[in-house]
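what follows is a predicted protein model with its sequence.
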Amino acid sequence: MRRAVFISCIVLFFAVVTASFATSFFDLSAVPEPGKIETYVSTRMKHILVRRNSRGTIPLELPDIPAGILEGQKLYEGECAACHGPHGNVPTDAGRWMNPRAANLASDEVQRYTDAEVFWIVKNGIRLSGMPAFGKIESDAHIGSLVKYVRTLRRPASQTRSDGDP
């Protein structure tokens, strides 16, 4: 028993020392762009966590009716365009200086989210990303309309470049 405790303490000590050493090389600044590995890992984890948290979250049917999409567009222009840009594909200065940057809502990465996942993101926000939660200031119906509007931001295949930029 004592031997197991001793070995556990040694392993814990080396884990703390290793973590301290590794974090001393981590640049906390938001100015430089994150590297490929950091971007890949954080994007994958975000998708996994959003998928897990969004299960069964759309409380109402979201019809594709022009009036609902128009309502979503008005909400987008008032709340979302300040960071994501007027068409959702080129962030404003505020969106470009966030880290991570405000998402290109017309990109394949964003459009791959399900309606439930987009609904959850808008309602709950994403911690430490700059994406605020709108669940306390907007009704579920308004958020649903916004989800339907975001779907209209898809780019035709002829306008999509291989690097994902507009």
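That came in fine, so what should we check first? Residues are numbered from 1 along each chain as shown.

quick one: contacts for the nearest residue to Asp115 once chain neighbours are set aside?
Once flanking residues are discounted, Asp115 sits nearest to Val147: 5.3 Å by C-beta to C-beta, 6 or more residues apart in numbering. Heads up, the C-betas are built off the backbone N, CA and C, glycines and all. Residues in contact with Val147 (C-beta atoms under 8 Å, 6 or more residues apart in numbering) are 62, 72, 115, 118-119, 122.

mind listing what's buried in the helix or strand hosting Val147?
Using DSSP states H and E, Val147 sits in helix 140-151. In terms of neighbour count (16 or more other C-beta atoms under 10 Å), helix 140-151 has its buried residues at 142-151.

same question for stretch 72-92.
72-73, 75-76, 79-81, 83-85, 88-89, 91.

tell me which of these is nearest to Pro32?
In terms of C-beta to C-beta, no member of the buried residues of stretch 72-92 lies closer to Pro32 than Pro91, at 17.3 Å.

I'd say that closest one and Arg101 touch.
Yes: Pro91 is within contact range of Arg101, at 6.0 Å (criterion: C-beta atoms under 8 Å).

for the residue nearest the centre of the chain, what are its contacts?
The residue lying closest to the centre of the chain (C-alpha atoms, centre = their mean) is Ile126, at 6.0 Å. Listed by C-beta under 8 Å, 6+ apart, the contact partners of Ile126 are 46, 50.

nice, that's everything, thank you.
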